[in-house]
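Novice: this one's structure only:
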């Protein structure tokens, strides 16, 4: 039987009002609709914010008045009443709010983007992981030349791991900054990032204390990628070379964190500061451009040029409902925890 995670209302801990339900049978498709089965869906930071009622784009799908979370993932067409898709096609939602934390869904064909078939793990991180890294680098590439450096924080994240690999393919070098942690954990995380092609891996503490100043001498650091903001972002901005670009695409330090634009940064260094919104960046691309980009990215994974980041796979099956509910809710609870360097969890439907 089809199942779904739903929630109603808002709770400080999103998992408190998350329920696994059995979905009633679907009515016959209307013209322009498709019946889908979900292949994989990630638990992203945006999903956790949605569960707590803090994200402006609300879920668009409801079941018996309760919202279906999950804003990313890949699905397979089971039945189609639209000539654009046929059974077996793989798709992803075009916009936020779709509701991928369910095994099946009915959707308008116009709301879906075709995706080449790939490993479910790749599909789970394709839009809000691989596309973020690829588009940011593609947009910045014209201002960088081979041998230039990119500095990024939150570097154990899926996006940062993909930036390391995609930057290497373009001939760029990376400085990856990770949060302070135990010596053994830092050594292990550093080893893994270097194995992906990371050139310099350091901690926030090292950066704050100025212990790596000599490492930056003579390097043209042309791009800073900030998913944290606040003090961490400020330190990266200070390290940018004249004419560099600072891209803010996250706020892990909180919505009220700030960065000070000093005269040195804005006038003397002539830095460019800009935000990155994935939804806006993808909307600016035509369907043909999206097709080419997705085919290219998935081709990099399928050929082994890019490795899939380490992921925690949570199997969503049709077994015992109580056990399944505990497993799925446990994965969300883990994602909400404050543990440093935790692995991203994804649901894979089996």
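Specialist: Okay, I see it. Note that this is a predicted model, so its numbers are computed, not measured. Numbers count the residues shown, from 1 in each chain.

Novice: shaky segments in this structure?
Specialist: In the prediction, the chain carries no residues with pLDDT under 70.

Novice: which residues in the protein form helices?
Specialist: 45-51, 120-125, 132-140, 158-169, 183-195, 204-209, 213-216, 230-239, 263, 278-283, 287-302, 321-336 (DSSP state H).

Novice: and these as TSV, adding mean neighbour count?
Specialist: Just so you know, the C-beta spots here come from the backbone N, C-alpha and C atoms, and that holds for glycine as well. Formatted as TSV, the helices of the chain follow (neighbours: other C-beta atoms under 10 Å):
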stretch	mean neighbour count
helix 45-51	20
helix 120-125	25
helix 132-140	20
helix 158-169	23
helix 183-195	14
helix 204-209	15
helix 213-216	12
helix 230-239	20
helix 263	8
helix 278-283	14
helix 287-302	15
helix 321-336	16
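
Novice: out of the ones you listed, which comes closest to residue 104?
Specialist: helix 321-336 (15.0 Å; C-beta to C-beta).

Novice: wait, which of the helices of the chain is closest to residue 65?
Specialist: Checking these against residue 65 by C-beta to C-beta gives helix 45-51 as the closest, at 16.4 Å.

Novice: Can you add distance to residue 111 and give the helices of the chain back as a markdown table?
Specialist: Listed next are those as a markdown table, based on distance: least, C-beta to C-beta, whole Å:
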| stretch | distance to residue 111 |
| --- | --- |
| helix 45-51 | 18 |
| helix 120-125 | 17 |
| helix 132-140 | 20 |
| helix 158-169 | 24 |
| helix 183-195 | 36 |
| helix 204-209 | 40 |
| helix 213-216 | 46 |
| helix 230-239 | 34 |
| helix 263 | 47 |
| helix 278-283 | 13 |
| helix 287-302 | 13 |
| helix 321-336 | 25 |
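
Novice: closest to residue 97 out of these?
Specialist: helix 45-51 (8.5 Å).

Novice: Show me what that closest one is packed up against.
Specialist: Secondary-structure packing of helix 45-51 (3 or more C-beta pairs under 8 Å, 6 or more residues apart in numbering; DSSP states H and E): helix 321-336.

Novice: can you rerun that using 10 Å?
Specialist: strand 3-7, helix 321-336 (3 or more C-beta pairs under 10 Å, 6 or more residues apart in numbering; DSSP states H and E).

Novice: Distance to residue 66 for those - can I get that in a markdown table?
Specialist: A markdown table is the format used below for the helices and strands packed on helix 45-51 (distance: least, C-beta to C-beta, whole Å):
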| stretch | distance to residue 66 |
| --- | --- |
| strand 3-7 | 4 |
| helix 321-336 | 14 |
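
Novice: looking at it, residue 323 is touching residue 329, isn't it?
Specialist: No: checked against C-beta atoms under 10 Å, the pair residue 323 and residue 329 is beyond contact range at 11.0 Å.
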